[in-house]
Structures are given as C-alpha cells and as structure tokens.
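J.: sequence below, structure please.
(chains A and B)
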Amino acid sequence: MSSQTLTTVLFLAVVAVTIGITVWASRQTAGAADYYAGGRGFTSFQNGLAIGGDYMSAASFLGISGIIALSGYDGFLYSIGFLVAWLVALLLVAEMLRNAGRFTMADQLAYRMRQKPVRQAAATSTVVVSIFYLLAQMVGAGALVSLLLDVEGDAAKNLTILAVGALMIFYVTVGGMKGTTWVQIVKAFLLMTGSALIVVLVLIKFDFNISDLLGTAASNSGQGQAFLEPGLKYGIDTTSKIDFLSLGLALVLGTAGLPHILIRFYTVPTARDARKSVLWAIALIGTFYLFTLVLGFGAAAMLTDSKYADVAASGGNLASVLLAEEVGGGDGSTGGAVLLAVIAAVAFATILAVVAGLTLASSTSVAHDIYNNVTKQGQATEQQEIKVARIAAFVIGGVAILLAIPAKNLNVAFLVALAFAVAASANLPAIVYNMFWRGFNTRGAVWSIYGGLISSVGLVFFSPVVSGSPTALFTDSDWSYFPLSNPGIISIPLGFFLGWLGSVTSSEPEAAERYTELEVRALTGAGSEKAVQH
Amino acid sequence: MSNTDNGYAPHRDDPIYDQLHDSADFTELRRRYRGFVIPATVAFLTWYLLYVVMSNWATGFMDTQLVGNINVALVFGLLQFVTTFLLAWVYSRFSTSKLDPLARKLDDEYAAGRRSDADGGRA
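T.: Down below sits the predicted model:
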C-alpha cells in the first residue's frame, strides 16, 4: 500500500472515530450547561488533556518544529512563550473564572457591571479573536492536507477547507462541548503518543546523545554553530528584535485571554479541578514543546538534502512528517510510509480539534451574551439559547469557510499572532482588573476591550505583514506606516491603561458594591455553578 | 436570570456575602492568595522577559558553549521549562494546604447561611 493510500485511510479513520464520538456525546446533552460546558462533569485529567488538545494547534505541532528545522534555536524561543503563558492562566485566571462565571468570558464582567455594554464588548472581542484564529487554521488546513495527501491545485484546497469546515460545524452543533472535548482528548492522546514515538526513534539514532544531535543538525543545516544560537530568524536588526519582544509579550499574556481556552475552565465541577486541569495541561504542553525541540533539530540532522529542501519549500510544515518517514526507514520503505501516514493523520486530528474549540467558543458567546442577555434581557429559555448557539456555529463556520476559500493562497500565518495580541490587549486586562480591583467598572471594561481590540488590529493593518513587504498579504501596495508585525508592545499597555482611565473617570458605585460578592465567590466558590447531575 | 432596569443582573443582595467578606477567615484567605500570586507573577514574567531580552541583545553570552554543542541559550531556555514546572508545582502545594481549607470553610458557611436556595448566586 502506498503512503498516500495509507494516509487517506487513516484520515478517514480519524473522521469516523470523531463522528462516532460526537453522535455518542449528543445523546448525553440536554440543557445549556451540557451544551456549553459538558455538564461541568469532566475530571481534571480529562480537561487537562482537552486543554492540550484545544491549544496545541497545527501551527505549534508542524509550525514550531518546522521553524526549528529551518532556523534552529529561534523556533524554541517561540515555544517557551507558549508554555510560560500557562502560569498566567494558573495563578490569575482559571480558578476565579470557574467560580465567578457560567459559560463565557463576559459572565464574570457582567457579574458586577452593566450587562449590555460589557457583554457586547466581550462578545465582539471573542468573535474577532476566534475568527482570526479560525481563518489561520482553515487556510493552513487547506495547504497542509493537500500537502499531506500529496494532491495539487486549488480545487483540492477548496475541498479540504469545505470538509474541515463541515466537520467542525458537525462536532459543535451535534456534540456541543461534550463532543468537542472528547475530540480534543483523542487528539491530545494521538499527538502525544505519535510525537513521543518519533522522538524516541530520533534519540535512538543518536544514542541519546543530545550534543551529537545538535552538532549534526548544525552542520547539516549549513549554518554551523549559528543554528544553535538565538538570532537567525528574529535577530536580524533592531526592528526585528523589538518585534520579537512584542511577540513574546503577546504570547505570554495572550494565552489566558483566548476565549476557547477560557471556556474550558467551566467544564469541571470545581475551581480546584480547574486548577488541577491547568497543572495537567502544563505538564502535557511542556513535554510536547520539548518534543518539538527534538523533532525540529532531528529533521535538520537526519533529512537528506533534497528532503530538507522540501521542508524549506513548505515553510517548515513538512519537517515532522518527513522526519517520521525517515526514522521509519526512509522513502519507499513500509515503515516510512506507515509513520508518515500516522503523523499526517495526527496533524489532521490536530486541526479538527482546534477549529472545533474556536467555533464552540464564539457561538457560545453569540448565543449566551448577545442573543440571550443583550437582546432577550436574559429571558430566553435554555432550549432557545442552545438553538441560537447551533445557528451561530453554522454561521460562524460558514463565514470561516467563505473567507478561507478566497484567502487560501494568501500568507495569513500572522493571524495566529494577531489573535494572541488581541487576547492579551483586549481580554486579559479586563479579566485581571475585574478580579483584583474594586474600582474597575463598566466604562473601564468597555474602553480596555475595544481599545485593546482596535489598537492591535489597527496597528497590524498598518504593519508590513499586511502591505508593502514581499511576504505581505497585499504585496502590490504599501501602507505599512507601523514598522512592527506584532502590535503587543503598544496595544497591551494601552489596554491596561484604558481600563484604568475609563474606571477612574467614571463613577459606578454598583460595580464597587458588587465586587464584594464577586470577590467572595471567586476566591471561595460560594454560590458557584455546580456540575449537572444526570 | 432577568436583567433589572438599571442593567445589572439581579439576585446580588444576599447579605451572607457581606458577612463572609468581613470575616477574618476571608481577609486571611485573600492575603495569602494575593501574597503568593502577585510576587510569583512579577517573578516569572521578569524571568521570562530577561530570557527574551538576552536572546535578543546578549547573544555573546547566550552563545557560550558549555558542554559539547550545548550552549547557554539552550540551558537558559530549558531552565524556563524547569521554573514553569516548579512554580506550578509549588503553587499547587501552597493552594492545597493554605488556600483550600479556608475556601472550603467559607463555602460551608455560605451554604449554611444563604437566604434562599433558589437563586444561590446565579450569574
């Protein structure tokens, strides 16, 4: 059997298993807490796996090992920001959010502020972050799946985007949070075991001598020792260095503001379980990023010149896949074909789990925040709200498909970094102020969310990733007045500043008064939402 | 679950929350929680930013080889993993022994003293 046939078979197996899980989960979903939060009945270990499955996108699985394979050390620099960020979630966000909210990020703001303005702001930012991230994933999926199945052309990409979009809409509308969570758990398991297998095979080739692996990678890359040192990718000049600092800030502060991550904290029975799930997630994600180090340097060390050129042509995305083929016995061998197919299927499962999480987060916010609490004054029944959530998932999924198809050949990788920047500039300041500062109020929340959102999106619009550079979205014209591709260094402090300014320039005694109750509830869990009893 | 006319969610006037807020246990719980997480957050963010800044601007030091092909940059990066795992573990120990017992006690007092079961603090 050729590796292409094998890959196709394994792709179909992933699809069959995840559809099975979704149908099973749909039979156990009755009320809103089931649909949005999986009945709050997952264990901390299950949720930890699901957080890993939700978070480790194809961009980190294939992307980071690819950057390491091509640019050496600088790819590692990237993954450290993604990991350290979890301490923000652990120490400042997870437990208090679980205690204070119900289904969305907006819940904990609305606890003490005027419902309409804060829910509108939080839902807007949730949908914007999710659409950006979703678009990056879908366009990536189009390129990636055609690459993995070795089919060429726009029609194949369109078909892939359509199929991935249809599957994610199916998981979310049919399986709700329970189905989505199990898809993420299965994906996390496949990702960890699949990459662990390749890592062990690479290390065996080098007799577990890391120095030897690094040395071979450095000489094969043609860069020598510079390959093992920071600076090949981000250290070109002062602008690129400041740009990287700006990216580092967005990565470390953005994770705990990503809506699809935040809603995962509601799926466990108590705040203590939310804390434990983050601990599991840190163990899992940390181990995974150590794996990517071996995968990236392994690809640089072991691939032949022509395969290494293929990796470079794919922008790095093929590094792990071709490495799997190499450690399995190389091109043409059965072992190589099997491992290549396995890793390709893992990458496919990875894409599906992440896009499902994003669609769920944004449709939940549209139904719960906008439909029920803004337009229906909180009077909609659970069944009405779930119906709207399903419609919203259809619409958001449809919009993502319609945007991804014309964008399929554009360079939209910057959208991932932008999603983190918006999360760090618009969401994190509001969450942290709300939990720690009595004086925070509606105007502060609205200003920090819209201010962080508009400034980060605006700065990127005027940056070299959108226009004026050879790798930009629009290469023909130039309106790049802002030199950095990452806005975080300006928009994050601005988000925090506006949150403070809005609060001190307005008086809202109710918000301060209700903080008493919010604080007690956030720290003790008194009155927090309980798990659903079936 | 309905909004009141002033735009705030209702059911926020259970006096039990004020009593709990004023209790010595709660003051102690908040002091312990903030006393841990605020310095810890400042510390790990500083440590992370130091790493990013040095990777950018102290490349001479970062490029120093220690053993074989293993240089300072790699060890510094791996240390970020170690400190992340370590801080997560320390916080887990701290919260289990110093925060959870107080939080449980206050939650029990809430359950015993709240005015009505029907709207026990829904958001």
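J.: please enumerate the strands of chain B.
T.: Ranges of strands within chain B are B:65-67, B:70-71, based on DSSP state E.
J.: for the shortest one, name the packing helices and strands.
T.: Right, the one you point to is strand B:70-71. In terms of contacts (3 or more C-beta pairs under 8 Å, 6 or more residues apart in numbering or on different chains; DSSP states H and E), strand B:70-71 is packed against helix A:210-221. The way it works is simple: take the backbone N, C-alpha and C, and place the C-beta from them, glycine included.
J.: give me the most central residue, chain B.
T.: In chain B, the centroid-proximal residue (C-alpha atoms, centre = their mean) is B:V37; its distance is 4.8 Å.
J.: who's in contact with it?
T.: Applying C-beta atoms under 8 Å, 6 or more residues apart in numbering or on different chains, we find B:V37 in contact with A:91-92, B:91.
J.: can you check the pLDDT for it?
T.: For B:V37, the model assigns a pLDDT of 97.
J.: just A:G378 next, same as before
T.: pLDDT, A:G378: 87.
J.: do the one 5 residues further on as well
T.: The predicted structure scores A:Q383 at 91 on the pLDDT scale.
J.: which of the strands of chain B is buried the deepest?
T.: Comparing those by mean neighbour count (mean count of other C-beta atoms under 10 Å in any protein chain shown), strand B:70-71 comes out on top with a mean of 19.
J.: what strands line up against it, and which way round?
T.: Strand B:70-71 pairs in its sheet with strand B:65-67 (antiparallel), by DSSP bridges.
J.: residues in contact with residue 80?
T.: Reading this off chain A. When contacts are counted by C-beta under 8 Å, 6+ apart, A:I80 touches A:289, B:48, B:51, B:77, B:80-81.
J.: chain B was what I was after
T.: Here B:Q80 is in contact with A:80, A:83-84, B:47-48, B:51 (C-beta under 8 Å, 6+ apart).
J.: before we move on, what about A:I431?
T.: A:I431 makes contact with A:92-93, A:97, A:105, A:108, A:256-257, according to C-beta under 8 Å, 6+ apart.
J.: next, the buried residues of stretch B:42-59.
T.: Under the neighbour-count criterion of 16 or more other C-beta atoms under 10 Å in any protein chain shown, stretch B:42-59 has B:44-45, B:47-48, B:51-52, B:54-56 buried.
J.: just confirm A:I169 contacts A:V355, I think it does.
T.: No. Counting by C-beta atoms under 8 Å, A:I169 stays clear of A:V355, with 9.5 Å between them.
J.: could you find the closest non-adjacent residue to A:L322?
T.: Spatially, and ignoring its direct neighbours in sequence, A:L322 is nearest to A:K307 (5.1 Å; C-beta to C-beta, 6 or more residues apart in numbering or on different chains).
J.: how about A:I198?
T.: Residue nearest to A:I198 in three dimensions, not counting chain neighbours: A:A324, with 5.2 Å by C-beta to C-beta, 6+ apart.
J.: next one: A:I490 from chain B, what distance?
T.: Between A:I490 and chain B the distance is 16 Å, computed by C-beta to the nearest C-beta, to the nearest Å.
J.: okay, now that residue: neighbour count?
T.: By the criterion of other C-beta atoms under 10 Å in any protein chain shown, A:I490 has 18 neighbours.
J.: just the pLDDT at it, thanks.
T.: 97.
J.: just the one 3 residues further on next, same as before
T.: Looking at A:P493, its pLDDT stands at 98.
J.: that one - how many residues pack around it?
T.: By the measure other C-beta under 10 Å, the count of residues near A:P493 is 15.
J.: before we move on, back to that, which helix or strand contains the residue nearest to A:I198?
T.: A:A324 belongs to helix A:319-327 when assigned by DSSP states H and E.
J.: model confidence over that helix, on average?
T.: Throughout helix A:319-327, pLDDT has a mean value of 92.
J.: tell me how many other residues crowd residue 114.
T.: All of this is about chain A. Neighbourhood size, A:R114 [other C-beta under 10 Å]: 22.
J.: try chain B instead
T.: Using other C-beta under 10 Å, B:R114 has 18 neighbouring residues.
J.: just the buried residues of stretch B:42-59 that are near chain A?
T.: Restricting those to those touching chain A (C-beta under 8 Å from any C-beta of the partner chain) yields B:44-45, B:48, B:51-52, B:55-56.
J.: turn these into CSV, columns for pLDDT.
T.: As requested, those are exported to CSV (pLDDT from 0 to 100):
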residue, pLDDT
B:F44, 98
B:L45, 97
B:Y48, 97
B:Y51, 96
B:V52, 95
B:S55, 93
B:N56, 91
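J.: for A:G439, state which of these is nearest.
T.: Distances from A:G439 to those, taken as C-beta to C-beta, are shortest for B:L45 (23.0 Å).
J.: which non-adjacent residue is nearest the closest one?
T.: Nearest residue to B:L45, sequence neighbours excluded (C-beta to C-beta, 6+ apart): A:V252, at 7.1 Å.
J.: all helices for the stretch 51-200 of chain A, in order.
T.: Applying DSSP state H, counting those that start in this stretch to the stretch 51-200 of chain A gives helices spanning A:58, A:65-71, A:74-88, A:94-100, A:105-110, A:115-149, A:154-170, A:176-205.
J.: enumerate the residues of the stretch 351-500 of chain A near chain B.
T.: So far as C-beta under 8 Å from any C-beta goes, the stretch 351-500 of chain A lies against chain B at A:373, A:377-379, A:436.
J.: A:N220 against A:G298, yeah?
T.: No. Taking contacts as C-beta under 8 Å, A:N220 lies outside contact range of A:G298: 10.7 Å.
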